[in-house]
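K.L.:
When you get a sec, could you give me coordinates for this:
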Amino acid sequence: MIEKKDKLVKWLFASVEKYFLPLLLGAVVMNVIFDTYYSDNVNLATVGFIGFESALFWFFEKLKKKKILRFFVYCGIGLLVVVLSGWLIGTGWQSSGVSFYEWFYLSSQEVGAVFEYNAFIFAGLGFFLVSVLYYFTVYRFRIFGVMLVTMFPFVIYGKRADNIETLNLTFMMTIFLAMMVHQRMVADDARKDNKDSKLLINKSYTIGLALFVTFVGAVTMLIPKPDFSSQLETNSGIFRFNVNTNRTAYDDLNEVSSPRFGADSTGEVLFYVNASQDVPQIYLRRQSFDYYRSEQWVLRNEFLEWEGIDEGDDNEVNSPLFVYEMMKRLAETGRYEEYGLTEELFGKYSEYKTKPWLSISGSTYSPSYIPAPLMADIEHLTYCRRNTHGEVNYRSGYSSAYGGLGISYGYVAEGLHENEYVSELPFTRESFEKLLDEAMFNGDITPYQYSNILRVYELYTEKGGISDRIETLAHQITKNCDSDYEKCEAFVDYFLKNGYIYDIDFEPDDESIEYFIFDSKTGVCTSYATAMVLMARAEGIPARYVEGFAAYERGEGGAYIVRDSHAHAFVEAYLPGAGWVTFDPTVPDYKQTAQQQQGGGNAAEAIRTFLDYFSRIALFLGVVFVLVFVIFLDRIVELFFRLRMKFRKTPAEKTLALYKRIIRLLEISSDRNANIRGMTPHQVLELAESREAEISRAVDLFEQVCFGGYRPAAVEFEAAYSCYKQSWKALANKGKKKQKRASEQ
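P.N.:
Sure thing, here's the model as predicted:
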């Protein structure tokens with residue numbers, strides 16, 4: 001039984017020596033990758049992967065003994081894994097509609113979680129990494145192969161322009177360094193003996209290696225990051241395969257909305273805006289989305305196939321400018337005064353037609369669309385057109401891909417006069433539809449115009465994502481409102497007056513929109529805009545989710561500076577008689593947050609910076625403390641022993657405690673099979689003398705006290721104790737290595 005136990009212990013030690021560091025490195029690398037793609041259960045996936053890679057290591061060890069067969073078996077398993085991976089990727093595409101390319105390079109919040117793709121990362125990619133790790137650490141050590149495994153997360157994070165968390169990075173590189181040091185020591189040991197010797201894993205080796213790599217990791221964390229931005233950091237689209245290498249992540253339109261959490265920006269300047277009219281802020285549309293599915297906005301076929309463009313005209317039927325002109329023409333007929341539509345309404349707010357000019361320029365910004373306000377007057381431009389969603393796109397044959405962006409156009413600023421005009425429109429949805437019926441019957445509008453306006457109410461009041469709680473809240477907020485405009489303003493005020501917080505770093509446990517509205521009340525513009533669109537639709541108000549830019553930062557010359565951190569989501573609601581109108585439900589704190597990211601900072605930011613740096617200093621000091629503690633551990637233990645001796649009452653008690661301490665020092669410094677406790681005092685004395693330790697007085701006094709009942713005087717104990725103090729290092733065998741080197745010389 002004892003022999004079996006010894007074999008088991010030896011096998012365990014040998015397994016730990018051989019496999020522990022490779023398995024740990026594989027688990028850490030995959031944990032970093034899981035943290036990128038798995039929205040939940042990252043730790044559970046990591047634990048499962050440890051079992052998976054352990055099983056593969058065991059299988060590879062068994063397979064290694066089959067010298068000829070192992071090649072064919074591994075190739076067969078590899079082919080099976082490739083087929084399984086292809087099946088998972090194909091199934092994931094069919095079930096989610098999200099391509100693997102998009103899922104692999106974008107966050108799960110942006111494209112949604114896909115189980116099949118997660119399974120591929122775990123099994124397919126995991127099998128590949130474990131195979132490489134086993135071959136280059138267990139079968140034969142090659143530092144370059146191990147580095148390939150370690151660098152794989154950097155490739156993924158680099159493509160996504162993300163940063164690996166400092167703790168994960170430090171831990172991963174620490175394990176890599178530990179394994180490199182371990183393997184090098186084994187190799188050196190084997191060369192020295194000219195044989196395949198193994199490294200002795202003992203307490204000193206373990207403590208020394210752990211402290212060395214931890215110290216290096218702590219120093220790495222402590223050193224501040226230099227104030228330098230690489231091309232990847234300043235241009236998040238550097239890896240896009242495009243003729244123009246200056247394109248960025250904001251250059252193209254998307255089929256899904258941006259992630260609601262975990263947004264990242266660099267403060268990169270995208271373009272500049274010069275305006276002939278001084279307004280506090282300009283909302284520049286990028287694109288709108290229609291359908292809410294799985295906590296994100298997407299484009300749907302019904303919306304894409306609907307052509308809201310008047311026949312023979314490039315003006316969008318439901319654009320605010322077109323609706324304004326249409327309503328004005330109807331008022332001029334005098335046939336619709338019973339609905340409150342009179343010429344006085346348009347004369348009073350003639351400023352609504354004022355068209356200041358915007359000039360947008362950017363030498364490196366080359367989008368496939370033109371950033372433009374909702375009421376941009378671009379119809380006179382020959383190289384662009386407005387689609388049914390209001391986006392301004394380049395016509396076929398035109399592009400800004402070369403030479404950056406440069407364009408000028410007129411627009412109607414959505415300011416005080418415009419809002420007053422919209423707020424005084426006398427229509428409800430019912431009265432507006434009756435007016436349209438009569439106008440079409442009279443021939444004042446075409447059936448095409450009539451059907452397209454009603455189509456807005458059909459499409460943009462779709463109830464996807466609206467729960468009973470959201471609908472009930474929407475009714476409560478708008479119960480005292482008379483018009484759709486008042487309801488939209490009530491939604492904006494609700495977020496402002498009910499403790500909602502803007503926090504770009506907030507990542508909740510529950511990413512549902514309900515959790516944002518009712519529980520956390522913390523998020524960014526994407527959550528605010530999503531919540532308002534859903535509540536507006538719950539009230540029967542057509543609304544759409546819009547992404548673009550908020551231009552509010554002024555440069556020295558008065559031009560607006562638009563950065564990637566100014567990307568913003570807002571709402572467009574369709575109001576009777578006005579068309580689409582912009583609303584921004586996000587609490588105003590987002591402007592201050594963007595300024596902080598651009599280097600303005602404030603006291604809170606300074607405190608966070610200090611705490612982050614202080615935590616690194618604390619870690620460094622902690623490692624130094626542990627390092628010092630371990631190096632001087634024996635001296636610290638000896639110090640505590642001597643302190644305890646002062647509290648013992650009689651010389652006899654002190655004598656017994658001193659002899660016990662001598663036995664303990666001899667045990668620590670002797671072979672583990674030596675039975676020090678079973679030795680007689682004479683044998684103990686001989687062993688001590690072999691180490692040139694003089695403890696004869698202590699041993700003689702112990703024999704008298706223990707076996708003769710002698711009660712020594714204090715002066716007798718002090719004499720024995722003084723000899724011990726001079727010899728305790730020799731008892732602990734501290735001078736063994738020096739003596740050995742001296743004898744060899």
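K.L.:
in this structure, what secondary structure element scores lowest on mean pLDDT?
P.N.:
helix 231-234 (a mean of 38; mean pLDDT, DSSP states H and E).
K.L.:
The helix or strand that that helix is followed by: which residues count as buried?
P.N.:
Later in the chain than helix 231-234, the nearest helix or strand by DSSP states H and E is strand 269-275. Going by neighbour count (16 or more other C-beta atoms under 10 Å), the buried part of strand 269-275 is 269, 270, 271, 272, 273, 275. (Glycine included, C-beta is placed from N, CA and C.)
K.L.:
next one: stretch 645-665
P.N.:
Buried residues in stretch 645-665, counting neighbours by 16+ other C-beta under 10 Å, are found at 651, 652, 654, 655, 658, 659, 661, 662, 664, 665.
K.L.:
Please apply the same query to stretch 695-708.
P.N.:
695, 697, 698, 699, 701, 702, 703, 705.
K.L.:
Also stretch 355-364?
P.N.:
Buried residues in stretch 355-364, counted by 16+ other C-beta under 10 Å: 355, 358, 360, 362, 364.
K.L.:
returning to that earlier point: looking at the buried residues of stretch 645-665, which is nearest residue 725?
P.N.:
Taking C-beta to C-beta as the measure, residue 725 lies nearest residue 658 of those, at 10.2 Å.
K.L.:
start to end distance for stretch 470-488?
P.N.:
15 Å (C-alpha to C-alpha, to the nearest Å).
K.L.:
List of residues touching it?
P.N.:
422-423, 425, 427-429, 490-491, 494, 513-514, 517-518, 531-532, 534-536, 538-539, 541, 571, 573, 575-576, 578, 581, 583 (C-beta atoms under 8 Å, 6 or more residues apart in numbering).
K.L.:
Can you turn the buried part of these into a ChimeraX selection?
P.N.:
Selection of buried members from these for ChimeraX, criterion 16+ other C-beta under 10 Å:
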select :422,425,427,429,490,491,494,513,514,517,531,532,534,535,536,538,539,541,571,573,575,576,578,581,583
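K.L.:
Filter the contacts of stretch 470-488 down to just the ones in helices.
P.N.:
By the criterion of DSSP state H, membership of the contacts of stretch 470-488 in helices covers 422-423, 429, 490-491, 494, 513-514, 531-532, 534-536, 538.
K.L.:
What's the mean pLDDT across the helix or strand where residue 72 lies?
P.N.:
In the assignment (DSSP H and E), residue 72 maps to helix 69-96. The average of the pLDDT scores along helix 69-96 is 85.
K.L.:
list the helices and strands that helix packs on?
P.N.:
helix 42-64, helix 100-105, helix 115-120, helix 126-134 (3 or more C-beta pairs under 8 Å, 6 or more residues apart in numbering; DSSP states H and E).
K.L.:
Worst mean pLDDT among those helices?
P.N.:
helix 100-105 (a mean of 68).
K.L.:
measure residue 508 to residue 515 for me?
P.N.:
Here residue 508 is placed at a distance of 6 Å from residue 515 (C-beta to C-beta, to the nearest Å).
K.L.:
hey, what's in contact with both of those two?
P.N.:
Counting by C-beta under 8 Å, 6+ apart, nothing touches both residue 508 and residue 515.
K.L.:
Give me the pLDDT for residue 423.
P.N.:
For residue 423, the pLDDT comes out at 85.
K.L.:
Excluding chain neighbours, what is closest to it?
P.N.:
residue 485 (5.1 Å; C-beta to C-beta, 6 or more residues apart in numbering).
K.L.:
tell me, how many neighbours does that neighbour end up with?
P.N.:
23 (other C-beta atoms under 10 Å).
K.L.:
and it, how far is that from residue 408?
P.N.:
From residue 485 over to residue 408 the distance is 31 Å, taken as C-beta to C-beta.
K.L.:
what do you get for residue 430?
P.N.:
42 Å.
K.L.:
okay, now the closest residue to residue 375 other than its chain neighbours: neighbour count?
P.N.:
Leaving out its chain neighbours, the residue that sits closest to residue 375 by C-beta to C-beta, 6+ apart is residue 412, at 3.9 Å. Residue 412 has 22 neighbouring residues, counting by other C-beta under 10 Å.
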